[in-house]
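Engineer: pasted the sequence and its predicted model underneath.
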Amino acid sequence: MADAVTGALVNQNTPQGYYNIEKMLKAILNKGRKVKLCGGCIDARGLAEMKYIDGYVCSSMAELTQWSVEAIKFLRFKNLLMLTSSGMRERKFFRKKN
């Protein structure tokens, strides 16, 4: 949501050792999962003409709300909101707090 839609822009060039959100989202798509971006957020930031990763779906806040109601768990991972069902491996996204 909001500025997180920029994570789906193509041709990201992150420094060695840093997360590349574009690659992470492509990996999700390659596993047959969905990547949805908030259309209102894209429009509000003037990013409608930008090139995004192949396979994303332009969504809405209403759809996110419905998806959220249907989801079993919410995981906040950096600036990405990941919705999972009980069948997915959610443990790998948790970090131990110090």
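Structural biologist: Nice, I can see it.
Engineer: show me where the protein has its strands.
Structural biologist: Counting by DSSP state E, the segments of the chain that form strands are 36-38, 57-59, 73-77, 80-84.
Engineer: same for the second one, what does it pack against?
Structural biologist: Strand 57-59 is packed against strand 36-38, helix 39-44, with contacts defined by 3 or more Cβ pairs under 8 Å, 6 or more residues apart in numbering; DSSP states H and E. C-beta: built from backbone N, CA, C; applies to glycine.
Engineer: redo those as TSV? Include mean neighbour count and distance to residue 66.
Structural biologist: Formatted as TSV, those follow (neighbours: other Cβ atoms under 10 Å; distance: least, Cβ to Cβ, whole Å):
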stretch	mean neighbour count	distance to residue 66
strand 36-38	18	11
helix 39-44	16	15
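Engineer: in a markdown table, list these along with distance to residue 19 and mean pLDDT.
Structural biologist: Shown next, in a markdown table, are these (distance: least, Cβ to Cβ, whole Å; pLDDT from 0 to 100):
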| stretch | distance to residue 19 | mean pLDDT |
| --- | --- | --- |
| strand 36-38 | 18 | 90 |
| helix 39-44 | 20 | 91 |
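Engineer: thank you, goodbye.
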